[in-house]
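>>> Structure of the sequence below:
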Amino acid sequence: MRDVLPEITRWWRSGAGFGLATVVGTWSSAPRPPGASMAVRGKEVVGSVSGGCVEGAVFELATDVGETGEPVLQRYGVSDDDAFAVGLTCGGIIDVFVEPVSAETFPELGEVAASVEAREPVAVATVVSGPGRIGARRVVWPDRSAGTLGLARLDDAVDDDARGMLAQGVTGLRRYGPQGERRLDDLAVFVQAFAPPPRMLVFGAIDFAAAVARVGKFLGYHVTVCDARPIFATARRFPEADEVVVRWPHDYLASVEVDERTVICVLT
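You can find the predicted model right below:
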């Protein structure tokens with residue numbers, strides 16, 4: 001979703017409606033993870049849900065959903081003997097939820113985009129199947145919520161789970177009873193967590209730090225290299241790092257927020 005968010009926010013602000021397809025479940029060797037999205041407006045397409053295997057079918061479905069306004073949960077698996085059958089050649093299975101999006105159906109999208117841009121944690125919870133109102137949406141921040149899934153008890157249960165998923169940086173399905181009961185699985189809610197990248201703090205501007213920064217960046221961390229020696233702590237020596245800070249390590253560490261997802265590597 002992060003990949004398509006700038007473009008769909010532009011569509012949303014222009015007043016145009018569109019169909020949004022999101023991978024909400026995967027099994028076996030699925031090509032893209034939960035949260036991968038593709039948006040369709042007329043003949044315009046942004047994003048991908050399968051890397052190409054079922055994009056044509058999803059395009060048609062998203063077009064129909066954009067016109068009818070009715071959300072659809074569709075499963076795509078391995079293709080059969082028919083060469084023209086829609087399927088995943090990798091042998092996996094994906095569930096794709098396709099919904100209509102506009103300023104009327106998703107009034108919080110602007111706030112979500114602003115939070116993602118500002119690296120403020122935010123989660124979007126959507127009912128994708130079950131006895132509830134399909135397509136109902138709730139947006140959850142660490143300190144507030146907006147929208148409703150239809151029932152206060154369900155909202156409360158999803159708020160708790162969404163905040164826990166934000167803390168872990170996890171996106172996925174959660175199941176509840178019709179009234180928000182946690183031990184039942186009649187109703188499926190997809191929670192997409194837009195957590196900021198976890199932080200990696202590397203202290204000591206030595207050659208090993210360059211290798212650690214490279215690995216950290218590859219794994220998705222926001223990497224900071226810190227050293228009090230300006231001769232060694234330079235962006236040129238650590239091109240993979242997001243930032244290079246010239247400060248005494250203990251002073252810098254005292255000035256930044258360290259949470260459960262932060263890792264610290266001391267090389268000095």
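
>>> As a quick check, tell me the outermost residue of this structure.
Distance from the C-alpha centroid of the chain peaks at Ile231, with 38.8 Å (Cα atoms, centre = their mean).

>>> And it, how close does it get to Thr9?
According to Cβ to Cβ, to the nearest Å, Ile231 and Thr9 sit 43 Å apart. Any C-beta I mention is one placed from the backbone N, CA and C, and that applies to glycine too.

>>> Kindly report the same for Gly150.
From Gly150 to Thr9 the distance is 26 Å (Cβ to Cβ).

>>> what's the answer for Pro198, then?
From Pro198 across to Thr9, the span is 25 Å (Cβ to Cβ).

>>> Kindly report the same for Val244.
Counting by Cβ to Cβ, the separation of Val244 from Thr9 is 32 Å.

>>> These two: who's more crowded?
Taking neighbours as other Cβ atoms under 10 Å, Val244 and Thr9 compare with Val244 leading, 23 against 17.

>>> For the more buried one, which three-state class applies?
Three-state call for Val244 (DSSP: H, G, I helix; E, B strand; the rest coil): strand.

>>> Could you list the domains of this structure?
What the TED database lists as the domains of the chain is 4-101, 108-194, 199-266.

>>> mind giving me JSON lines with these and columns for mean pLDDT?
Output for these, formatted as JSON lines (pLDDT from 0 to 100):
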{"stretch": "domain 4-101", "mean pLDDT": "84"}
{"stretch": "domain 108-194", "mean pLDDT": "93"}
{"stretch": "domain 199-266", "mean pLDDT": "95"}
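
>>> so where do the strands sit in the stretch 51-200 of the chain?
Taking DSSP state E, counting those that start in this stretch as the criterion, the stretch 51-200 of the chain contains strands spanning 72-76, 93-101, 122-129, 137-140, 145-148, 172-176, 187-194, 199-203.

>>> can you count the residues close to the spatially closest residue to Asp185 that is not a sequence neighbour?
Distances taken as Cβ to Cβ, 6 or more residues apart in numbering put Arg175 closest to Asp185, at 3.8 Å, once the chain neighbours are dropped. Close neighbours of Arg175, defined as other Cβ under 10 Å, add up to 15.

>>> So which bits of stretch 162-171 are buried?
For stretch 162-171, a neighbour-count test (16 or more other Cβ atoms under 10 Å) marks 162-163, 165-166, 169, 171 as buried.
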